[in-house]
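Visitor: take this sequence and fold it.
(one chain, ligands or ions: 1)
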Amino acid sequence: MSQRPSYYVTTPIYYVNDVPHIGHAYTTLACDMLARFKRLDGYDVMFLTGTDEHGQKVEKSAEKAGIPPLEFCDKVSARFKDLAVAMNFSNDQFIRTTEDRHKLAVQALWTRLVEKGMIYEDSYSGWYSVRDEAFYTESELSEGEGGEKLAPTGAPVEWVEEPSYFFRLSAMQDKLLELYNTQPDFVMPKSRLNEVKSFVEGGLLDLSISRTTFSWGIPVPNVPGHIMYVWIDALTNYLTATGYPNEDAPNYKKFWPANVHIVGKDILRFHAVYWPAFLLAADLPLPKRVFAHGWWTNEGQKISKSLGNVIDPFELIDSYGLDAVRFFLLREVPFGNDGDFSRRAFVLRCNADLAKGLGNLSQRTLSLIHKNCDSAVPKPGEFTKEDKELLNNIEATLEIVRGHMDRQAFHAALDAIFTQAAAADVYISRQEPWVLKKTDTERMNTVLYVLADAIRQLAILIQPIMPDSAAKILDQLSVTERGFDQLGETGRITVGAPVPKPQGVFPRLEMPEDAS
Ligand code: MSP
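Guide: Predicted coordinates:
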């Protein structure tokens, strides 16, 4: 039986009211890098993504498209699945909230909350935003230009009056505050924890969790006419995928509670307040962390369909290649901060770190080996201080990267790896193997061996972010063992391993003509 530690990472499930854009790709990419890293680091990983298919917003979009809701969901959900393939996401499951297993899980959670006395019947009258699928109090609203009421997100709200079941959220205030105080890593980054804390300290109202004025949702058990509020439905997906309500299911036992829910800052309140409140009330274990990342703007503007500036991830991949897209999104902006997308920044970053950086280093090294060492990794002589320093520093990078990955500091993890690529670049310039070719072939062999092994290790380390490019580099070095246990001396590159004529891995990108 496998003794590997488990790791469960989730993305938000995306509304199918709209086709995927760069924001959706971003969150899932971050989870993908984490999942791939943990697998290589010896964990048994479950990585979940999927689509959120119920609620008024989706019902209205289907109506607008003139097709039945489920048919509409099938179509849009398929686009998210296409995105997962195009982005090379390694998700273990793709959940849809219209699946039977999910209905079962949500109804079971509801029943459990009823049994615990946490749900009661009343009626709701107040403001609701369909775009946000959220309730707002009068005091949260502002006035738009035409005098209309707006949610803090800028979304329009409408007055709703209907019979509804309520969750006793107000009763959970103390338990939630205790959670934030005793487990400050429950919400990250820290600034977000403070936001959540002050929201909860401000007092919590009970939450309306069923709707009666439309029908596109999961029925409340034993109560005809009520469907569940889309957020209690959606959040439960994280449990459904583990096999809940069967608490003996192998994946429930192995993976629940989740290690981290990665979400955008827009939906932090649902994940850091409502979700733990439901779980605490149901007496179920809590996820270990909710990490909220920032939002991308496009050349300084909010990304929105109405502004016509939505960045299509499929188009980006076509223009620049998949791994450049993957690299840029996580390298450019500290994870947790907002970031501005610009093609100029994209091209500059990818050319500096990939084409001129790691790409050029491996191309030069492999060509020198191919030409001067009979197309095979040469036998090294004694290592000098510089040789050892380079290899040891690269080997030590894993521990540094591990620390960053455990705090979802993806940019810092990449920075640590690319700092070593830069060190290898300095090494090749100082050692000048092209000069040694004429003066000291034995030393040239050692230098090229050291570089080949440095590149092998760097390629192993970049697998979570650029799996295809890493594989191309490792193929060219005839390296088959690619786990993190192969870093350092254990996996040293084999003398005599074939090195064919190298193919460029990171093409130089053209600066778009209109880039400022
Ligand atoms: N269905 C809910 C989530 C339910 S999870 C139990 C939802 N869906 S959504 O389709 O609106 O996706 C929201 C998520 O998409 C954000 O939290 C974020 O992860 C991502 N992004 C959408 N636009 C974004 C940007 N412009 N920038 C970065 N990420 C953004 O909310």
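Visitor: contacts and neighbour counts: CA atoms only from here.
Guide: OK.
Visitor: what residues does this protein have near the ligand?
Guide: Residues of the chain found near the ligand (Cα under 6 Å from any ligand atom) are 12-15, 23-24, 27, 52, 234-235, 263-264, 266-267, 295-297, 303.
Visitor: and the residues you listed, which are buried?
Guide: With burial judged by 16 or more other Cα atoms under 10 Å, the buried subset of those is 12-15, 23-24, 27, 52, 234-235, 263-264, 295-297, 303.
Visitor: closest point of the stretch 51-200 of the chain to the ligand, which residue?
Guide: Scanning the stretch 51-200 of the chain for the residue nearest the ligand gives residue 52, at 4.9 Å (criterion: Cα to the nearest ligand atom).
Visitor: touching, that residue and residue 97? I think so.
Guide: Yes. With contact defined as Cα atoms under 8 Å, residue 52 reaches residue 97; the gap is 5.6 Å.
Visitor: so what's in contact with these two at the same time?
Guide: residue 234 (Cα atoms under 8 Å, 6 or more residues apart in numbering).
Visitor: what is the nearest of the buried ones among the residues of the chain next to the ligand to residue 355?
Guide: residue 296 (24.6 Å; Cα to Cα).
Visitor: relative to residue 464, how far out is the closest one?
Guide: 22 Å (Cα to Cα, to the nearest Å).
Visitor: so which of the residues of the chain next to the ligand belong to strands?
Guide: Per DSSP state E, strands hold the following members of those: 12-15, 52, 263-264, 296-297.
Visitor: those: which two are farthest apart?
Guide: Most distant of these, by Cα to Cα, are 52 and 297, 23.5 Å apart.
Visitor: how about the stretch 401-516 of the chain: which residue is closest to the ligand?
Guide: residue 408 (14.2 Å).
Visitor: before we move on, what SS does that residue have?
Guide: Using DSSP: H, G, I helix; E, B strand; the rest coil, the structure places residue 408 in coil.
Visitor: for residue 268, what are its contacts?
Guide: Applying Cα under 8 Å, 6+ apart to residue 268 gives the contacts 290, 292.
Visitor: which residues does stretch 493-507 contact?
Guide: Residues from elsewhere that reach stretch 493-507 (Cα under 8 Å, 6+ apart): 354-355, 359, 363, 366-367, 369-370, 375-379, 449, 452-453, 456, 469, 472-473, 476-479.
Visitor: buried residues, that stretch. List them.
Guide: For stretch 493-507, by 16+ other Cα under 10 Å, it's 493-494, 498-500, 502, 504-507.
Visitor: cool, and stretch 134-151?
Guide: For stretch 134-151, a neighbour-count test (16+ other Cα under 10 Å) marks 134-136, 141, 149-151 as buried.
Visitor: distance across it, terminal residue to terminal residue?
Guide: 9 Å.
Visitor: contacts for that stretch, please.
Guide: In this structure, residues lying in contact with stretch 134-151 by Cα under 8 Å, 6+ apart are 126-129, 152, 156-157.
Visitor: now, of the residues you listed, which are buried?
Guide: In the contacts of stretch 134-151, the ones that pass as buried (16+ other Cα under 10 Å) are 127-129, 156-157.
Visitor: could I get the residues you listed as CSV with secondary structure and pLDDT?
Guide: Converted to CSV, the buried ones among the contacts of stretch 134-151 look like this (DSSP: H, G, I helix; E, B strand; the rest coil; pLDDT from 0 to 100):
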residue, secondary structure, pLDDT
127, strand, 95
128, strand, 95
129, strand, 95
156, strand, 94
157, coil, 96
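Visitor: taking the residues you listed together, which two end up most distant?
Guide: Across the buried ones among the contacts of stretch 134-151, the longest distance by Cα to Cα is 9.7 Å; it joins 127 and 156.
Visitor: and the worst-scoring helix or strand of the chain on mean pLDDT, how far out from the chain's middle?
Guide: Lowest mean confidence among the helices and strands of the chain (mean pLDDT, DSSP states H and E): strand 301-302, at a mean of 88. Computed by Cα atoms, centre = their mean, to the nearest Å, the chain-centroid distance of strand 301-302 equals 22 Å.
Visitor: could you measure from the residue in the stretch 301-450 of the chain positioned nearest to the ligand over to residue 199?
Guide: Nearest residue of the stretch 301-450 of the chain to the ligand, counting by Cα to the nearest ligand atom: residue 303, 5.6 Å away. From residue 303 across to residue 199, the span is 27 Å (Cα to Cα).
Visitor: also residue 287?
Guide: From residue 287 across to residue 199, the span is 20 Å (Cα to Cα).
Visitor: more crowded one of these two?
Guide: More crowded of residue 287 and residue 199, by other Cα atoms under 10 Å: residue 287, with 21 against 13.
Visitor: which SS class is the more buried one?
Guide: Residue 287 ends up coil, using three-state DSSP.
Visitor: so residue 327 sits right up against residue 464, yeah?
Guide: No. Counting by Cα under 8 Å, no contact exists between residue 327 and residue 464, whose distance comes to 10.1 Å.
Visitor: show the model's pLDDT score for residue 516.
Guide: According to the prediction, residue 516 has pLDDT 57.
Visitor: ok, the closest residue to the residue of the stretch 401-516 of the chain closest to the ligand other than its chain neighbours to residue 265 distance?
Guide: Among residues not flanking residue 408 along the chain, residue 335 sits closest, at 7.1 Å (Cα to Cα, 6 or more residues apart in numbering). Separation of residue 335 from residue 265 (Cα to Cα): 11 Å.
Visitor: check residue 349 too.
Guide: 25 Å.
Visitor: likewise for residue 296?
Guide: The gap separating residue 296 from residue 265 is 11 Å, by Cα to Cα.
Visitor: can you check residue 61 too?
Guide: Where residue 265 is concerned, residue 61 sits at a distance of 24 Å (Cα to Cα).
Visitor: where does pLDDT dip in the stretch 351-500 of the chain?
Guide: Residue ranges of the stretch 351-500 of the chain with pLDDT under 70: none are present.
Visitor: contacts only, for residue 449.
Guide: Contacts of residue 449 by Cα under 8 Å, 6+ apart are 377-380, 493.
Visitor: make TSV out of those residues and add secondary structure.
Guide: As requested, these are exported to TSV (three-state DSSP):
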residue	secondary structure
377	coil
378	coil
379	coil
380	coil
493	coil
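Visitor: which one of the buried ones among the contacts of stretch 134-151 sits closest to residue 192?
Guide: For those, the closest approach to residue 192 (Cα to Cα) belongs to residue 129, at 23.0 Å.
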